[in-house]
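Chemist: Predicted model follows, preceded by the sequence.
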Amino acid sequence: MRVLHGFVGRDGSLNLWGEGGPTAEPGHPFALPVARLPAGDQRGATLVLPSTSAGPLPSPQFGLPPRRGTPKLRAWPVPAVTVPFLDAEVTAEFDGRLGRSVEWLVELCEFAADLVRRGRVLPAVHPHGPTARWRPVLTGFDALHRDDLLLRMPAAARAERARPGDVAGLPAQDALAAALERLVDGLVRTRLAEAGVQLGAGWLAALTGEPAFTAAPGLVDELADRLDHWHTSALTGAAVRLCFRLTHLAELEPDEPDAVDPDPAVVPARDAWLLEFLLQAVDEPSALVTAADIWRDSYAPLRRWTHHPQERLLGALGRAARLYPDLEAALRVPRPVDMVLDTEEAHRFLTHAATLEEAGYGVLLPAWWQDKPGLGLGLNLRPRDPIPAVLRDQTADLAHLVDYDWGLALGGRVLTSEELADLAKAKVPLVRLRGRWVYLDADRLDAGLRFLAHGGGTMTAGNALRTIKLLPPEELPLPVTTVSGAGWAADLLSGELEHRLDLLDAPAELRGELRPYQRRGFSWLAFLDQLGLGACLADDMGLGKTVQLLALLLHRRSGPALLICPLSVLGNWQREIARFAPSLSVHVLHGDDRRLLDADLVLTTYSIAVRDADLLAAVQWDRVVLDEAQHVKNSAGQAARAIRRLPSRMRIALTGTPVENRLAELWSILDYLNPGVLASAHTFRARFAVPIERYADEEAAARLRQATRPFLLRRVKNDPVVINDLPDKQHVRHLCGLTGEQTTLYRAILDEMTTRLDESTDRWNKGIVLAGMTKLKQACVHPALLLGDGSPLPGRSGKLERLEEIVDGALAQGESVLCFTQFAKFGRMLTPHLAARFGAPVRFLHGGLSRSARDAMVAEFQADSRPGVFVLSLKAGGTGLNLTAANHVVHIDRWWNPATEEQATDRAFRIGQQRDVRVHTLVCLGTLEERIDRLLADKGVLAARVVGNGEGWLTALSTTELRDLLTLAPEAIVD
């Protein structure tokens, strides 16, 4: 194993050295020879490193157990190379892992490059030489970024001995400043040289070429003083800064009496804007003093920061005038306080505000400028064939025609013709519209007005949806922001369908009551059913999707319905139908005798739907319903292809997780429901999947939410309309230690995996990673699971010990427990162990059980008055079951897709649960489990961002990230 480290030299240089196997060279016993390092200028260095009497400690990346004894700093000579810049191209030359110091130096280089790219540099002179230098200008967010880098600087990055004989590294602040200045200087010189910039002799020439220049000593000192003053002035003062506040004068005056003449639709801004000058404390932005008070010596709030506020104010105004020249007028006044601006001047200041803020000045702008409503297109729709509510047998679809016309919309409201006429006449970009100040981009306004000249027309409802949500920007001059009109098309395409609905009463044949949100969901299904359009009911697990669908089936019967579900929930559907809709005739297509009989509702499984696809395709179904619709998330899969062949008037998808891993799954479900509604898979990937998954594009995510809203209804348990119907859910994360046996197994697996990765011809092999991950997780659960030797369970696993404590506490309180594991083999071991340990009923549900056996087991658990334990394999028992008899859920091992774990939790946390639910997650301390658990929690992975199938998303990590995740920390060991 080899690890690359980096450090800042005393001169600010970037240097690399490596750590590997034993070497015969003098100095550090594990230092790599220069030949194994990336290309650079060879040098020797003496580093101060933690050591014991046995030698320097290995870096954490090696994953070795800690040595005995108290580490002390000792100096070690190492061979090193100096590089001018550090990025992925340089590190790719190294065959091994990257240390944290290298990763930090790469980030420092990126920061320096960004400063140069944005021009945040100034020329300077170093009196020793003398030499010309470029120095970074660090203000505002750049200064915060610098401070953050300083806080996160690894000790290894400043490990070069400060002075001969010392046993101390460089001070962190000095090392960072020297490295950043050297990087900036080198990058600027490179850019200027590439641009062919030719400057004069002396100091100016030295800024682009060789840094040394000749000059009289007295002149050098004078030049250095002047440049230091200039550089300091760019920082605008460390304690207080100049601040600008722009206000419309009308907001400062009392309300005027009603005018005799009514205002026009659009009121151009009058020449009445006040730009005030203030001083503001940088650390306490609320500490503000106006220039008027400063000239009156009334600046008490700032006395702790400055004793010369007048000089500060004038000096800062002079410097700011270089960025915003209009300020020169204020400097002609002996004691500048403010400026009165006309509309054009106010607009000019607003456009300069970002530049001033970036330079370190405070800027206080009107609230409406921070939240400017964008100009967009408004679409008005009128269906040609309205559907009266009384006609239940007539349907519409996305091929039906609608009349349309366009308008311009601002802030969600379509502008009237009078407002448009006034806007066209306005000569200024700031106007007052309907009592609110707005900014109008002249180019966007002209483009919108030209587009309106084309008029309206007729198109299909499907094309209207695609026009609103899916057309790329170049096909429309402005985005469609508002949909209005009358009839079903406007309701459907507005994005407000759920709130526009007339709520239906629950069918008289429905046994039970619909909660308010369930009634709205049933009405939404009925509306789309009336139109013959596909619907995806994606309510959170446990919110009653079943009863909402049964209400729809009872509401309107015009032919047979087919419901396809996983085998594990087939019996649950039969019980729920008997409970809520006993008047529906039901036929179960499963088992050896698979004749298709007449019934209101036919139940079958996904495997039967594939096997008997021809039989099912011969029936004209009124509705086809997919429960746990994520089973068709792969549009090219066998199940998806077979189900798409089934003819039906309407298609419905039920799922608690419309997006488990990739957005392509959402496309597959919605394209099945309404073919073509989200364009082709290729187009969807280009416009949505790639921007959202790869770049976290919020605008694309918002457009996708709008595009799917007409056909996808999702409520979650923390929605205000839902949360009152559910008990509380408490998550508890239990950090478990490893026993000595587990530690030995974990390290052995890690060593084997590391060796195979190093020997792999690929950067790293996915098969090696996934197989190793599975073994590591098994070692975390129990040695007997990994070894498969039938050995006893007690006393060998930190997780088992914690699980026994949880079960013991729950049973003592008369409460039942669900225990989920992805390893069915461990479930078979655990079931008899828990039964013997606690003398309570322990059941085990897994994929090898028949449907009748599963159903009987679930029914017994729900009906049992005694507290018990239900062990379930995650795959077989994670979806579709009602297990509200338990109010403790334990995740023994981690499935690295949070949606899958949430589905399992929702077996207990669902409608019908009367008690608070405690969710226990067992995580092994200091192992890959804790690190990935933290990673998932920090990044909030999934739904908005993509994880990938099971552990498959982990294979997208870099080699360094992956190995850091797997390393065993010392705190993992408990015995």
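Modeler: Right, received. Where do you want to start?
Chemist: which stretches of the stretch 351-500 of the chain form strands?
Modeler: Ranges of strands in the stretch 351-500 of the chain, per DSSP state E, counting those that start in this stretch, are 362-364, 375-383, 401-410, 413-414, 430-433, 436-439, 457-460, 480-485.
Chemist: Could you do the stretch 801-950 of the chain as well?
Modeler: Secondary structure of the stretch 801-950 of the chain by DSSP E, counting those that start in this stretch: the strands cover 816-821, 842-845, 869-873, 886-891, 917-924.
Chemist: can I assume His891 is in contact with Ala904?
Modeler: Yes - taking contacts as Cβ atoms under 8 Å, His891 lies within contact range of Ala904: 7.1 Å. Every residue, glycine included, has its C-beta placed from N, CA and C.
Chemist: list the residues that contact both of these two?
Modeler: Phe820 (Cβ atoms under 8 Å, 6 or more residues apart in numbering).
Chemist: residues near Leu543, how many?
Modeler: 26 (other Cβ atoms under 10 Å).
Chemist: Validate this expectation: it resides in a helix.
Modeler: No - applying DSSP: H, G, I helix; E, B strand; the rest coil, one finds Leu543 to be coil, outside a helix.
Chemist: Can you tell me how far it is from Gly521?
Modeler: 9 Å (Cβ to Cβ, to the nearest Å).
Chemist: Overlap in contacts, the two.
Modeler: Contact with both Leu543 and Gly521 is made by residues Arg715, according to Cβ under 8 Å, 6+ apart.
Chemist: if we can go back for a sec, what's the closest of the strands of the stretch 801-950 of the chain to Pro211?
Modeler: With Cβ to Cβ as the measure, strand 917-924 is the member of the strands of the stretch 801-950 of the chain nearest Pro211 (54.3 Å).
Chemist: could you give the angle of the closest one to strand 816-821?
Modeler: 40 degrees (axes from the mean of the first three to the mean of the last three Cα atoms, to 10 degrees).
Chemist: circling back to that earlier point, now the strands of the stretch 351-500 of the chain in CSV, with distance to Leu966, mean pLDDT and mean neighbour count?
Modeler: Converted to CSV, these look like this (distance: least, Cβ to Cβ, whole Å; pLDDT from 0 to 100; neighbours: other Cβ atoms under 10 Å):
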stretch, distance to Leu966, mean pLDDT, mean neighbour count
strand 362-364, 47, 90, 18
strand 375-383, 49, 78, 21
strand 401-410, 53, 79, 20
strand 413-414, 56, 82, 18
strand 430-433, 58, 73, 20
strand 436-439, 53, 74, 16
strand 457-460, 54, 74, 13
strand 480-485, 48, 75, 20
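Chemist: Could you provide those in CSV, with additional columns for distance to Glu25?
Modeler: Formatted as CSV, the strands of the stretch 351-500 of the chain follow (distance: least, Cβ to Cβ, whole Å):
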stretch, distance to Glu25
strand 362-364, 57
strand 375-383, 69
strand 401-410, 73
strand 413-414, 76
strand 430-433, 72
strand 436-439, 67
strand 457-460, 77
strand 480-485, 69
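Chemist: Which of those sits closest to Glu160?
Modeler: Of all the strands of the stretch 351-500 of the chain, it is strand 362-364 that lies closest to Glu160, at 39.9 Å by Cβ to Cβ.
Chemist: which other helices and strands contact that closest one?
Modeler: When contacts are defined as 3 or more Cβ pairs under 8 Å, 6 or more residues apart in numbering; DSSP states H and E, strand 362-364 sits against strand 240-248, helix 343-358.
Chemist: Kindly compare burial across the ones you listed and name the winner.
Modeler: strand 240-248 (a mean of 22; mean count of other Cβ atoms under 10 Å).
Chemist: Kindly format the C-alpha coordinates of that strand as CSV.
Modeler: C-alpha atoms of strand 240-248 as CSV (Å, rounded to 0.1, in the frame of the first residue of the first chain):
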residue,chain,number,x,y,z
VAL,A,240,-15.8,48.8,9.9
ARG,A,241,-16.7,49.2,6.3
LEU,A,242,-18.6,51.7,4.2
CYS,A,243,-22.2,50.7,3.6
PHE,A,244,-24.8,51.9,1.1
ARG,A,245,-28.6,51.9,1.6
LEU,A,246,-30.9,52.6,-1.3
THR,A,247,-34.5,53.7,-0.5
HIS,A,248,-37.3,55.2,-2.5
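Chemist: Would you tell me which of the strands of the stretch 801-950 of the chain gets closest to Pro366?
Modeler: strand 917-924 (46.8 Å).
Chemist: which intervals of the stretch 751-900 of the chain have sub-threshold pLDDT?
Modeler: 758-766, 878-880, 896-897 (pLDDT under 70).
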